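S.K.: Got a predicted model here, sequence first, then my questions.
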Amino acid sequence: MNDYCVIGSGISGATISNLLNKKSLVHTYDKGRGPGGRASFKRVKGKVGFDHGTQYFSPKSKEFKRFVNKLIKKKFLKKWNGKHIYLNTKKKENKKHIKIIGKNGNNDICKYLLRDIKCFYQSEVKKINYKDKKWFLSFNDGKTRSYNSIILTCPFPQLRKLSKKFIKNPFIKKTLKMDANITVMIAIKKRKKSPSSFLFNDTILGWAGNENSKKRFKSKYDLWTLQSTFKWANKKIDYNKKDVKKNSKILIDKFFKLSKIKKTKIIYSINHGWKYSSNSNPFRIKSFWDPKIKLGVCADWFVGPRLESGWISANDLFKKISR
Ligand SMILES: Cc1cc2nc3c(=O)[nH]c(=O)nc-3n(C[C@H](O)[C@H](O)[C@H](O)COP(=O)(O)OP(=O)(O)OC[C@H]3O[C@@H](n4cnc5c(N)ncnc54)[C@H](O)[C@@H]3O)c2cc1C
(Lines give C-alpha, C1' and ligand atoms only; values in the text may rest on other atoms or scores of the structure.)
Protein backbone atom coordinates (compact mmCIF):
# COMPACT_ATOMS: atom_id res chain seq x y z
CA MET A 1 0.00 0.00 0.00
CA ASN A 2 1.15 3.50 -0.83
CA ASP A 3 1.83 5.67 2.15
CA TYR A 4 1.98 9.45 2.21
CA CYS A 5 3.05 12.01 4.73
CA VAL A 6 1.52 15.45 4.27
CA ILE A 7 3.27 18.44 5.84
CA GLY A 8 0.67 21.05 6.77
CA SER A 9 -2.97 20.92 7.87
CA GLY A 10 -4.16 24.16 6.23
CA ILE A 11 -6.66 24.01 3.37
CA SER A 12 -4.05 22.62 0.92
CA GLY A 13 -2.79 19.91 3.30
CA ALA A 14 -6.29 19.01 4.50
CA THR A 15 -7.66 18.76 0.94
CA ILE A 16 -4.84 16.60 -0.45
CA SER A 17 -4.87 14.40 2.68
CA ASN A 18 -8.61 13.83 2.25
CA LEU A 19 -8.28 12.95 -1.46
CA LEU A 20 -5.32 10.58 -0.99
CA ASN A 21 -6.81 8.89 2.05
CA LYS A 22 -9.45 7.19 -0.12
CA LYS A 23 -6.84 4.75 -1.46
CA SER A 24 -3.68 5.18 0.61
CA LEU A 25 -2.47 5.49 4.16
CA VAL A 26 -2.00 9.18 5.03
CA HIS A 27 -0.37 10.83 8.03
CA THR A 28 -0.65 14.62 8.31
CA TYR A 29 1.81 16.71 10.32
CA ASP A 30 1.59 20.33 11.42
CA LYS A 31 3.78 22.44 13.66
CA GLY A 32 0.68 24.29 14.90
CA ARG A 33 -1.54 23.22 17.79
CA GLY A 34 -4.49 22.31 15.58
CA PRO A 35 -5.75 22.26 11.98
CA GLY A 36 -6.28 25.28 9.74
CA GLY A 37 -2.91 26.96 9.17
CA ARG A 38 -3.61 30.46 7.95
CA ALA A 39 -7.34 29.77 8.39
CA SER A 40 -6.99 29.04 12.11
CA PHE A 41 -9.42 29.89 14.87
CA LYS A 42 -7.96 31.37 18.05
CA ARG A 43 -10.02 29.91 20.88
CA VAL A 44 -10.19 32.06 24.01
CA LYS A 45 -12.70 30.25 26.23
CA GLY A 46 -15.27 27.55 25.40
CA LYS A 47 -16.66 28.35 21.95
CA VAL A 48 -15.53 31.97 22.14
CA GLY A 49 -12.66 33.01 19.89
CA PHE A 50 -11.42 34.81 16.80
CA ASP A 51 -10.79 33.95 13.15
CA HIS A 52 -7.34 35.45 13.13
CA GLY A 53 -6.26 34.50 9.58
CA THR A 54 -8.85 33.95 6.81
CA GLN A 55 -11.86 36.16 7.60
CA TYR A 56 -14.28 34.60 5.11
CA PHE A 57 -14.23 33.18 1.60
CA SER A 58 -16.31 33.88 -1.48
CA PRO A 59 -16.13 30.87 -3.83
CA LYS A 60 -15.37 31.78 -7.43
CA SER A 61 -14.84 28.50 -9.34
CA LYS A 62 -17.73 26.15 -10.13
CA GLU A 63 -15.98 23.20 -8.46
CA PHE A 64 -15.23 25.03 -5.22
CA LYS A 65 -18.79 26.46 -5.13
CA ARG A 66 -20.13 22.90 -5.38
CA PHE A 67 -17.86 21.72 -2.56
CA VAL A 68 -18.79 24.68 -0.34
CA ASN A 69 -22.52 24.19 -0.96
CA LYS A 70 -22.16 20.57 0.13
CA LEU A 71 -20.58 21.70 3.41
CA ILE A 72 -23.27 24.35 3.92
CA LYS A 73 -25.89 21.60 3.60
CA LYS A 74 -23.95 19.46 6.10
CA LYS A 75 -23.91 22.51 8.44
CA PHE A 76 -20.10 22.79 8.62
CA LEU A 77 -20.14 26.15 6.79
CA LYS A 78 -22.61 29.04 6.69
CA LYS A 79 -23.15 32.51 5.23
CA TRP A 80 -21.90 35.55 7.12
CA ASN A 81 -24.72 38.06 6.89
CA GLY A 82 -25.07 41.50 8.39
CA LYS A 83 -23.83 44.92 7.47
CA HIS A 84 -20.37 44.92 5.86
CA ILE A 85 -19.20 48.52 5.65
CA TYR A 86 -16.84 49.51 2.83
CA LEU A 87 -15.04 52.69 3.83
CA ASN A 88 -12.68 52.08 0.93
CA THR A 89 -13.70 54.39 -1.87
CA LYS A 90 -12.17 52.18 -4.57
CA LYS A 91 -13.98 48.98 -3.60
CA LYS A 92 -17.72 48.45 -3.42
CA GLU A 93 -19.42 45.43 -1.92
CA ASN A 94 -20.40 42.92 -4.60
CA LYS A 95 -23.62 41.40 -3.27
CA LYS A 96 -23.13 38.39 -5.57
CA HIS A 97 -19.97 37.44 -3.64
CA ILE A 98 -21.46 35.78 -0.60
CA LYS A 99 -19.28 35.64 2.48
CA ILE A 100 -18.80 32.07 3.76
CA ILE A 101 -17.49 31.18 7.23
CA GLY A 102 -17.14 28.04 9.33
CA LYS A 103 -20.00 27.21 11.68
CA ASN A 104 -17.74 27.30 14.76
CA GLY A 105 -14.53 28.74 13.30
CA ASN A 106 -12.92 29.16 9.90
CA ASN A 107 -10.84 26.03 10.41
CA ASP A 108 -14.07 23.94 10.29
CA ILE A 109 -13.43 23.24 6.60
CA CYS A 110 -10.02 21.69 7.46
CA LYS A 111 -11.48 19.80 10.43
CA TYR A 112 -14.11 18.30 8.11
CA LEU A 113 -11.54 17.24 5.51
CA LEU A 114 -9.22 15.74 8.13
CA ARG A 115 -11.92 13.94 10.11
CA ASP A 116 -10.69 10.43 9.13
CA ILE A 117 -6.96 11.19 8.95
CA LYS A 118 -4.31 10.52 11.55
CA CYS A 119 -2.96 14.00 12.34
CA PHE A 120 0.07 14.92 14.42
CA TYR A 121 0.12 18.49 15.77
CA GLN A 122 2.99 20.42 17.35
CA SER A 123 5.17 18.29 15.05
CA GLU A 124 7.55 20.50 13.14
CA VAL A 125 9.47 18.85 10.31
CA LYS A 126 13.02 20.15 10.66
CA LYS A 127 14.64 18.21 7.82
CA ILE A 128 13.69 15.81 5.02
CA ASN A 129 15.94 13.28 3.34
CA TYR A 130 15.55 10.78 0.46
CA LYS A 131 17.39 7.48 0.62
CA ASP A 132 16.75 4.01 -0.87
CA LYS A 133 13.39 5.14 -2.33
CA LYS A 134 12.13 6.33 1.06
CA TRP A 135 11.53 9.74 2.59
CA PHE A 136 12.91 10.34 6.07
CA LEU A 137 11.42 13.15 8.15
CA SER A 138 13.22 14.53 11.21
CA PHE A 139 11.00 16.27 13.77
CA ASN A 140 11.48 18.91 16.45
CA ASP A 141 11.38 16.22 19.18
CA GLY A 142 14.39 14.47 17.61
CA LYS A 143 12.32 11.55 16.22
CA THR A 144 12.49 10.33 12.59
CA ARG A 145 9.75 8.70 10.51
CA SER A 146 9.81 7.26 6.99
CA TYR A 147 7.26 7.18 4.14
CA ASN A 148 7.14 6.23 0.44
CA SER A 149 5.76 9.61 -0.64
CA ILE A 150 5.88 13.14 0.69
CA ILE A 151 3.57 16.12 0.11
CA LEU A 152 4.59 19.60 1.21
CA THR A 153 2.13 22.48 1.63
CA CYS A 154 4.18 25.13 3.49
CA PRO A 155 4.40 28.84 2.54
CA PHE A 156 6.97 29.26 -0.25
CA PRO A 157 10.00 30.49 1.79
CA GLN A 158 9.57 27.59 4.24
CA LEU A 159 9.13 25.09 1.41
CA ARG A 160 12.30 26.26 -0.27
CA LYS A 161 14.30 25.90 2.92
CA LEU A 162 13.06 22.36 3.49
CA SER A 163 13.10 20.87 0.00
CA LYS A 164 15.22 22.98 -2.40
CA LYS A 165 17.77 20.26 -3.05
CA PHE A 166 15.15 17.66 -4.07
CA ILE A 167 13.06 19.80 -6.47
CA LYS A 168 14.41 20.11 -9.99
CA ASN A 169 11.55 22.21 -11.44
CA PRO A 170 12.55 25.88 -12.08
CA PHE A 171 9.69 27.21 -9.93
CA ILE A 172 11.75 26.53 -6.81
CA LYS A 173 14.42 29.02 -7.92
CA LYS A 174 11.94 31.86 -8.53
CA THR A 175 11.46 34.78 -6.22
CA LEU A 176 8.06 34.85 -4.65
CA LYS A 177 7.41 37.59 -2.17
CA MET A 178 4.84 36.82 0.48
CA ASP A 179 3.35 39.80 2.30
CA ALA A 180 3.07 40.00 6.09
CA ASN A 181 0.04 40.81 8.19
CA ILE A 182 -0.29 41.93 11.80
CA THR A 183 -3.57 40.92 13.42
CA VAL A 184 -4.85 42.21 16.75
CA MET A 185 -7.84 40.61 18.46
CA ILE A 186 -9.63 42.77 21.03
CA ALA A 187 -12.48 42.51 23.52
CA ILE A 188 -14.31 45.75 24.35
CA LYS A 189 -17.47 46.75 26.19
CA LYS A 190 -20.61 45.54 24.45
CA ARG A 191 -22.51 48.05 22.33
CA LYS A 192 -26.18 47.72 21.41
CA LYS A 193 -25.55 47.35 17.68
CA SER A 194 -22.41 47.01 15.55
CA PRO A 195 -21.80 46.20 11.88
CA SER A 196 -20.32 42.83 10.82
CA SER A 197 -17.13 44.27 9.32
CA PHE A 198 -15.30 47.35 8.09
CA LEU A 199 -13.02 47.56 5.07
CA PHE A 200 -10.85 50.63 5.56
CA ASN A 201 -9.10 52.92 3.11
CA ASP A 202 -6.02 53.45 5.25
CA THR A 203 -2.27 52.87 5.05
CA ILE A 204 -2.11 51.00 8.41
CA LEU A 205 -5.45 49.35 9.22
CA GLY A 206 -7.00 47.28 6.43
CA TRP A 207 -9.95 45.48 7.94
CA ALA A 208 -11.96 44.84 11.11
CA GLY A 209 -14.27 41.86 11.59
CA ASN A 210 -16.91 41.64 14.31
CA GLU A 211 -16.67 38.10 15.72
CA ASN A 212 -20.02 38.33 17.56
CA SER A 213 -21.79 39.00 14.26
CA LYS A 214 -20.83 35.47 13.10
CA LYS A 215 -23.34 34.14 15.65
CA ARG A 216 -21.25 31.21 16.83
CA PHE A 217 -21.30 32.05 20.54
CA LYS A 218 -22.59 34.52 23.10
CA SER A 219 -19.93 36.76 24.59
CA LYS A 220 -20.35 39.43 27.22
CA TYR A 221 -17.90 41.61 25.24
CA ASP A 222 -17.73 42.86 21.67
CA LEU A 223 -14.90 40.98 19.95
CA TRP A 224 -13.11 42.53 16.98
CA THR A 225 -10.34 41.17 14.78
CA LEU A 226 -8.21 43.99 13.36
CA GLN A 227 -5.95 43.28 10.40
CA SER A 228 -3.24 45.61 9.20
CA THR A 229 -2.39 46.48 5.62
CA PHE A 230 0.39 44.41 3.99
CA LYS A 231 2.53 47.48 3.38
CA TRP A 232 2.61 48.47 7.04
CA ALA A 233 3.09 44.88 8.28
CA ASN A 234 5.98 44.25 5.84
CA LYS A 235 7.87 47.07 7.56
CA LYS A 236 6.96 46.04 11.12
CA ILE A 237 6.82 42.23 11.13
CA ASP A 238 10.45 41.43 12.01
CA TYR A 239 10.21 43.47 15.23
CA ASN A 240 6.55 42.74 16.02
CA LYS A 241 7.39 40.41 18.93
CA LYS A 242 9.46 43.14 20.54
CA ASP A 243 6.97 45.90 19.64
CA VAL A 244 3.75 44.00 20.44
CA LYS A 245 2.30 46.71 22.72
CA LYS A 246 3.25 49.58 20.42
CA ASN A 247 1.94 47.92 17.24
CA SER A 248 -1.28 46.77 18.92
CA LYS A 249 -1.93 50.30 20.20
CA ILE A 250 -1.43 51.80 16.73
CA LEU A 251 -3.98 49.39 15.20
CA ILE A 252 -6.47 49.81 18.07
CA ASP A 253 -6.31 53.62 17.99
CA LYS A 254 -6.82 53.53 14.21
CA PHE A 255 -9.82 51.24 14.66
CA PHE A 256 -11.67 53.63 16.98
CA LYS A 257 -10.76 56.63 14.85
CA LEU A 258 -11.79 55.17 11.48
CA SER A 259 -14.84 53.16 12.57
CA LYS A 260 -16.13 56.05 14.68
CA ILE A 261 -16.90 53.56 17.44
CA LYS A 262 -16.57 55.42 20.76
CA LYS A 263 -13.16 54.76 22.32
CA THR A 264 -13.53 52.44 25.27
CA LYS A 265 -11.40 50.32 27.62
CA ILE A 266 -9.69 47.30 26.05
CA ILE A 267 -10.67 44.30 28.21
CA TYR A 268 -7.97 42.17 26.55
CA SER A 269 -6.00 42.09 23.31
CA ILE A 270 -4.00 39.39 21.50
CA ASN A 271 -1.43 40.19 18.82
CA HIS A 272 -0.48 37.70 16.09
CA GLY A 273 2.12 38.41 13.42
CA TRP A 274 1.87 36.51 10.11
CA LYS A 275 5.24 36.70 8.37
CA TYR A 276 3.99 34.91 5.26
CA SER A 277 0.39 35.93 4.86
CA SER A 278 -0.24 35.86 1.11
CA ASN A 279 1.19 36.63 -2.32
CA SER A 280 -0.39 38.36 -5.29
CA ASN A 281 1.78 36.97 -8.12
CA PRO A 282 0.92 33.31 -8.59
CA PHE A 283 2.97 30.79 -10.60
CA ARG A 284 2.04 29.29 -13.95
CA ILE A 285 1.73 25.77 -12.58
CA LYS A 286 -0.98 24.94 -10.04
CA SER A 287 0.99 22.26 -8.17
CA PHE A 288 4.09 20.11 -8.54
CA TRP A 289 4.54 16.33 -8.60
CA ASP A 290 7.73 14.36 -9.22
CA PRO A 291 6.68 10.72 -9.78
CA LYS A 292 10.29 9.48 -9.71
CA ILE A 293 10.94 10.46 -6.12
CA LYS A 294 7.26 10.72 -5.12
CA LEU A 295 7.44 14.29 -3.89
CA GLY A 296 4.50 16.64 -4.32
CA VAL A 297 3.82 20.28 -3.50
CA CYS A 298 0.49 22.06 -3.33
CA ALA A 299 -0.25 25.42 -1.72
CA ASP A 300 -2.29 28.59 -2.21
CA TRP A 301 0.68 30.58 -3.56
CA PHE A 302 0.81 28.49 -6.78
CA VAL A 303 -2.66 29.78 -7.68
CA GLY A 304 -3.43 32.97 -5.75
CA PRO A 305 -3.77 34.66 -2.37
CA ARG A 306 -7.00 33.09 -1.14
CA LEU A 307 -8.18 29.97 0.66
CA GLU A 308 -9.83 28.75 -2.54
CA SER A 309 -6.39 28.86 -4.22
CA GLY A 310 -5.10 26.16 -1.82
CA TRP A 311 -8.12 23.96 -2.52
CA ILE A 312 -7.59 24.32 -6.30
CA SER A 313 -3.86 23.54 -5.98
CA ALA A 314 -4.52 20.39 -3.91
CA ASN A 315 -7.10 19.10 -6.41
CA ASP A 316 -4.64 19.74 -9.25
CA LEU A 317 -1.93 17.78 -7.43
CA PHE A 318 -4.31 14.88 -6.84
CA LYS A 319 -5.04 14.70 -10.59
CA LYS A 320 -1.28 14.62 -11.31
CA ILE A 321 -0.67 11.84 -8.76
CA SER A 322 -3.61 9.78 -10.06
CA ARG A 323 -2.50 9.86 -13.72
C1 LIG B 1 -4.12 37.48 8.06
C2 LIG B 1 -4.66 36.69 6.89
C3 LIG B 1 -5.92 36.98 6.38
C4 LIG B 1 -6.44 36.25 5.31
N5 LIG B 1 -7.71 36.51 4.87
C6 LIG B 1 -8.26 35.73 3.91
C7 LIG B 1 -9.62 35.87 3.56
O8 LIG B 1 -10.35 36.67 4.15
N9 LIG B 1 -10.13 35.07 2.57
C10 LIG B 1 -9.36 34.13 1.95
O11 LIG B 1 -9.88 33.41 1.07
N12 LIG B 1 -8.06 33.97 2.27
C13 LIG B 1 -7.49 34.73 3.24
N14 LIG B 1 -6.19 34.56 3.61
C15 LIG B 1 -5.36 33.59 2.85
C16 LIG B 1 -5.65 32.16 3.30
O17 LIG B 1 -5.59 32.07 4.69
C18 LIG B 1 -4.61 31.24 2.67
O19 LIG B 1 -4.66 31.40 1.26
C20 LIG B 1 -4.84 29.77 2.97
O21 LIG B 1 -5.25 29.56 4.29
C22 LIG B 1 -3.53 29.02 2.69
O23 LIG B 1 -3.71 27.65 2.96
P24 LIG B 1 -2.49 26.64 2.74
O25 LIG B 1 -2.95 25.33 3.24
O26 LIG B 1 -2.01 26.72 1.34
O27 LIG B 1 -1.30 27.20 3.67
P28 LIG B 1 -1.27 27.29 5.26
O29 LIG B 1 -2.63 27.55 5.79
O30 LIG B 1 -0.18 28.25 5.58
O31 LIG B 1 -0.85 25.83 5.69
C32 LIG B 1 0.48 25.40 5.78
C33 LIG B 1 0.62 24.65 7.08
O34 LIG B 1 1.93 24.06 7.10
C35 LIG B 1 2.41 24.10 8.42
N36 LIG B 1 3.86 24.00 8.34
C37 LIG B 1 4.73 24.83 7.67
N38 LIG B 1 5.99 24.39 7.81
C39 LIG B 1 5.91 23.26 8.55
C40 LIG B 1 6.89 22.34 9.03
N41 LIG B 1 8.20 22.49 8.76
N42 LIG B 1 6.49 21.27 9.78
C43 LIG B 1 5.16 21.11 10.06
N44 LIG B 1 4.20 21.95 9.64
C45 LIG B 1 4.58 23.01 8.90
C46 LIG B 1 1.93 25.43 8.96
O47 LIG B 1 1.87 25.40 10.38
C48 LIG B 1 0.54 25.54 8.31
O49 LIG B 1 -0.48 25.06 9.16
C50 LIG B 1 -5.65 35.24 4.70
C51 LIG B 1 -4.39 34.94 5.23
C52 LIG B 1 -3.90 35.64 6.32
C53 LIG B 1 -2.56 35.26 6.93
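M.R.: Looks like it came in fine.

S.K.: Now do the same for Q227: helix, strand or coil?
M.R.: strand (DSSP: H, G, I helix; E, B strand; the rest coil).

S.K.: so it makes contact with D51?
M.R.: No: using C-beta atoms under 8 Å, Q227 is not in contact with D51, being 10.2 Å away. Backbone N, C-alpha and C define where each C-beta goes, glycine included.

S.K.: so what sits against both of the two?
M.R.: G209 (C-beta atoms under 8 Å, 6 or more residues apart in numbering).

S.K.: Could you check how far stretch 238-250 is from the centre of its chain?
M.R.: Relative to the centre of its chain, stretch 238-250 is centred 22 Å away, using C-alpha atoms, centre = their mean, to the nearest Å.

S.K.: Ok, stretch 53-66 next?
M.R.: 13 Å.

S.K.: what does stretch 228-244 give?
M.R.: That offset, for stretch 228-244, works out to 18 Å (C-alpha atoms, centre = their mean).

S.K.: quick one: average pLDDT of it?
M.R.: Stretch 228-244 shows a mean pLDDT of 97 in the predicted model.

S.K.: What count of nearby residues applies to the residue nearest to A208 when sequence neighbours are not counted?
M.R.: Leaving aside its sequence neighbours, A208 sits nearest to F198 (C-beta to C-beta, 6 or more residues apart in numbering; 4.6 Å). By other C-beta atoms under 10 Å, 25 other residues sit near F198.

S.K.: Get me the contact residues on the stretch 51-200 of the chain for the ligand.
M.R.: Applying C-beta under 6 Å from any ligand atom, one finds that the stretch 51-200 of the chain approaches the ligand through 53-57, 124-125, 153-155, 158, 162, 181, 183.

S.K.: Would you show me how to pick out the buried ones of these in ChimeraX?
M.R.: Buried members of these, defined by 16 or more other C-beta atoms under 10 Å, are picked up in ChimeraX with:
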select :53,54,55,56,57,125,153,154,155,158,162,181,183
